[in-house]
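Engineer: with the input below, show me the fold.
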Amino acid sequence: MVDADQTFVIVGGGLAGVKAAETLRAEGFTGRVILICDERDRPYERPPLSKGYLLGKAGRDSVFVHEPAWYARHDVELHLGQTVDAVDRAAKTVRFGEDGTVVRYDKLLLATGAEPRRLDIPGTDLVGVHHLRRLAHAERLKGVLAALGRDNGHLVIAGAGWIGLEIAAAAREYGAEVTVVHRGETPLHSVLGPELGQLFAELHREHGVRFHFGATLTEITGQDGMVLAARTDDGEEHPAHAVLAAIGAAPRVSLAQAAGLELADRAAGGGVLVDERLRTSDPDVYAAGDVASFPHGLFGTRLRVEHWANALNGGPAAARSMLGREETYDRVPYFFTDQYDLGMEYSGWAPPGSYDQVVIRGDAGKREFIAFWVKEGRVLAGMNVNVWDVTDPVQRLIRSGTRVDTEALADPHVPLESLLA
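Structural biologist: So this is what the prediction gives:
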């Protein structure tokens, strides 16, 4: 039973955390809500950091979830620039790392997110080595890309995932020279497989990006403390005035681990182990967003999803669970990207090896199509490229588990909704 005397503490001021706080109030919780954020900026959304804000097409204020006055108006105690260094589950308290303040909780939500993986090679201490996760990183990188474009400078990007490719596109729009070093044979292989990964390689090559596949960075060389070049394990050297590490992110589990909460296997993506209602191994502690590894009944596996939609929906789901609502979190994973003139939305989960064919509906050559990853006639995932307003039927196809006629699936004249019958 939830009452006005209870205190709910949320550790993590990203989108999952702030949406949880928002949902608690929207669902009528009248107790104390404490939101602890280790950044000095109030909660903001991360997609603009590698898209509109980085390109200068959106202002700084556009990234924030709420105006400053929202928190006081909704009686959400926002602690900026604060960390939590300990959770005492027996006493049900959290301790602030800065001044040792101890706060008792009735329910605790860990929305600690993820952090970018660092390059573990010589030269990462040079000026000009960057990564992107936070607003401050985007502000700095924005100035770097503008300067590279103005001076015909070179940017080397380690990694060809979503962040790497979005920043490559932004850098080219600024006019910088770009080389992407990636150990795989195509970009985005772990998500899209070779069939669609190649499409993104061709897109970027058309815009002047150089790829160096099958290699990893081994050293960043410099002069007078500044980046000069980047070397790879096959002996190549690439000129560089800046280097971006875009080699993935690791869930921030140290707080949960120190508290003795059960963690997911690293081979499966790591994170804090939660059940279908986002409860951890402690029934009064929950986890949501990038850090949570949750069982997904539709796909029959555990997932840890780092995309915007998971934070947007996972935070509210955790809040409702904290309030005692019986709600299963089983959203179909969704993400989107914008690169040059290509806009894309992806729904589902279909890593390489999980599907037996890719079905294309539309014109892949013109980059106006929908791709479906299919196994035994069932749609596991769908990606619409420069085709809009189809996310709902695509997700319904995935969720239904319906066996479809793949010829009809490939035919743009057959409505997707008709395949659900």
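Engineer: could you give me the average pLDDT of the longest helix along the chain?
Structural biologist: Longest helix in the chain by number of residues (criterion: DSSP state H): helix 189-206. Helix 189-206 shows a mean pLDDT of 93 in the predicted model.
Engineer: can I get that helix in CSV? Just the C-alpha atoms.
Structural biologist: Written as CSV, here are the backbone C-alpha positions of helix 189-206 (Å, rounded to 0.1, in the frame of the first residue of the first chain):
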residue,chain,number,x,y,z
HIS,A,189,26.7,-5.7,-38.2
SER,A,190,25.4,-6.7,-34.7
VAL,A,191,22.1,-5.0,-35.3
LEU,A,192,21.4,-5.1,-39.0
GLY,A,193,23.6,-7.9,-40.2
PRO,A,194,25.6,-7.6,-43.4
GLU,A,195,22.6,-7.1,-45.8
LEU,A,196,21.6,-3.7,-44.4
GLY,A,197,24.9,-2.7,-42.9
GLN,A,198,26.3,-2.4,-46.4
LEU,A,199,23.6,0.1,-47.3
PHE,A,200,24.9,2.4,-44.6
ALA,A,201,28.4,2.0,-45.8
GLU,A,202,27.4,3.0,-49.3
LEU,A,203,25.4,6.0,-47.9
HIS,A,204,28.5,7.3,-46.1
ARG,A,205,30.9,6.6,-48.9
GLU,A,206,28.7,8.7,-51.2
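Engineer: now do that helix: which elements does it pack against?
Structural biologist: For helix 189-206, the elements it packs on are helix 162-174, strand 210-213, strand 334-339, strand 357-363, strand 368-375, strand 378-385, judged by 3 or more Cβ pairs under 8 Å, 6 or more residues apart in numbering; DSSP states H and E. (C-beta placed from N, C-alpha, C; glycine too.)
Engineer: how about the CA coordinates for the fifth one, as CSV?
Structural biologist: The C-alpha atoms that make up strand 368-375 are tabulated as CSV, following Å, rounded to 0.1, in the frame of the first residue of the first chain:
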residue,chain,number,x,y,z
GLU,A,368,12.8,4.2,-49.8
PHE,A,369,11.8,0.8,-48.4
ILE,A,370,10.9,-1.3,-45.5
ALA,A,371,13.2,-4.3,-44.6
PHE,A,372,11.9,-7.2,-42.6
TRP,A,373,14.0,-9.8,-40.8
VAL,A,374,12.0,-13.0,-41.0
LYS,A,375,12.4,-16.5,-39.5
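Engineer: flag every buried residue along it.
Structural biologist: For strand 368-375, the neighbour count (16 or more other Cβ atoms under 10 Å) marks 369-374 as buried.
Engineer: so which elements touch that strand?
Structural biologist: helix 189-206, strand 357-363, strand 378-385, helix 391-400, helix 406-410.
Engineer: what do you get for the fourth one?
Structural biologist: Strand 357-363 makes packing contacts with helix 189-206, strand 368-375, helix 406-410 when contacts are defined by 3+ Cβ pairs under 8 Å, 6+ apart.
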